[in-house]
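[1] What shape does this take:
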Amino acid sequence: MSWQIQAVSPPLPSRSEEFFHLALAADDSVLVTGEGDEIPLEAGDLVFCDPGRPRSPRFADEGRVTVFRLPRRCLELSEADCDRLAGMTARGGDGLGALVSGFLAEIATGTRDHSPNVLHRLTRTAMDLLVVLVMELLQTEREDFSTAARDELLAQVRNYIEDHLADPDLSPQAIARANHISVRYLHRIFQREGVTVGQWLRQRRLESCRQDLRRTPNRRITVSAVANRWGFVSASHFSRAFRDEFGMSPSEWQALR
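    Residues are numbered from 1 along each chain as shown. Reported below is the predicted structural model:
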């Protein structure tokens, strides 16, 4: 069974048809998702990567990771499951993730202390553990993503966004943390709606601004004040976003109303 360990940061840049990549965080670091969100990682956490795929996650420049190249044939995954697995994380502090993380860390640091025969057996055991971990991650995602549960959670998240629109620090990370879900799962529940979390947040803020400007036709409140009230920190960015969404500037809308 072929295998290879390379200590790199960030993970290997090109996709391999033969190997999938598993990154083991060597210390506390930050994972940047394909959508640009940042997920804090602790030492020992695991991240499945397939760098050649669109929106593949990457590590911040200061992060140190050990990258394991996993033979795809040993994982026995369909192309669809490979797509789902890419970007998934497993916490190295509890459950099966802790067992796998500790085992891989020992292999990575102890390669010079074992004979080729022992190393081969350790590698086979590591692959068996990884296959079980992958199956658990994919099964958990399937069970958690039932239609009824998704709709209920989506309504909960939307209500949270509505209640916190004025918070300029509201972000996918903050929304996910407040609703006790991962950022990846947050993006998935919005995916079927044909809109990203960021797009939904921006649309709701813009609509709130439009309603406020509609109620102040005599300019008793400035455009900048309305933008700031609903979480926009930059007046110029707000004006561009408003024009893109409604086809006219905030000032033009205010005067028209």
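[2] Tell me where the stretch 1-150 of the chain has strands.
    Under the criterion DSSP state E, counting those that start in this stretch, the stretch 1-150 of the chain carries strands at the ranges 4-8, 19-25, 29-32, 38-41, 46-49, 58-59, 65-71, 89-90.
[3] Relative to Asp163, which of those strands is closest?
    Minimum separation from Asp163 across the strands of the stretch 1-150 of the chain (C-beta to C-beta) falls at strand 38-41, 23.5 Å. Where C-beta positions appear, they are placed from N, C-alpha and C, glycine not excepted.
[4] hang on, the earlier thing: okay if I get the strands of the stretch 1-150 of the chain as a markdown table plus mean pLDDT?
    Output for these, formatted as a markdown table (pLDDT from 0 to 100):
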| stretch | mean pLDDT |
| --- | --- |
| strand 4-8 | 40 |
| strand 19-25 | 85 |
| strand 29-32 | 75 |
| strand 38-41 | 78 |
| strand 46-49 | 86 |
| strand 58-59 | 70 |
| strand 65-71 | 82 |
| strand 89-90 | 86 |
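[5] Val226: which of the ones you listed is closest?
    strand 38-41 (29.3 Å).
[6] Now do the buried residues in that closest one.
    Counting neighbours by 16 or more other C-beta atoms under 10 Å, one finds that the buried residues in strand 38-41 are 39, 41.
[7] Please name the strands paired to it in the sheet, noting orientation.
    Using DSSP bridges, strand 38-41 pairs in its sheet with strand 29-32 (antiparallel).
[8] one step back: with distance to Arg205 as added columns, please give the strands of the stretch 1-150 of the chain in a markdown table.
    Output for the strands of the stretch 1-150 of the chain, formatted as a markdown table (distance: least, C-beta to C-beta, whole Å):
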| stretch | distance to Arg205 |
| --- | --- |
| strand 4-8 | 40 |
| strand 19-25 | 34 |
| strand 29-32 | 24 |
| strand 38-41 | 21 |
| strand 46-49 | 32 |
| strand 58-59 | 28 |
| strand 65-71 | 36 |
| strand 89-90 | 29 |
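[9] Nearest to Glu162, out of these?
    Smallest distance to Glu162 across the strands of the stretch 1-150 of the chain (C-beta to C-beta): 24.2 Å, for strand 38-41.
[10] Let me know the distance separating Ile175 from Trp200.
    Using C-beta to C-beta, to the nearest Å, Ile175 is found at 10 Å from Trp200.
[11] Please say which of those two ends up with more neighbours.
    Neighbours were counted for Ile175 and for Trp200 using other C-beta atoms under 10 Å; Ile175 has more, 20 against 16.
[12] in what helix or strand does the residue nearest in space to the middle of the chain lie?
    Against the mean C-alpha coordinate of the chain, by C-alpha atoms, centre = their mean, the closest residue is Arg184 at 4.0 Å. Element membership for Arg184 (DSSP states H and E) is helix 183-191.
[13] Name the next helix or strand downstream of that helix, please.
    helix 197-214.
[14] Pull out the buried residues from that following helix.
    The neighbour-count criterion (16+ other C-beta under 10 Å) identifies 197, 200-202, 204-206, 208-210, 212-213 as the buried residues of helix 197-214.
[15] Now the longest helix that the chain contains: average pLDDT?
    Longest helix of the chain, by residue count under DSSP state H: helix 116-144. The pLDDT scores in helix 116-144 average 77.
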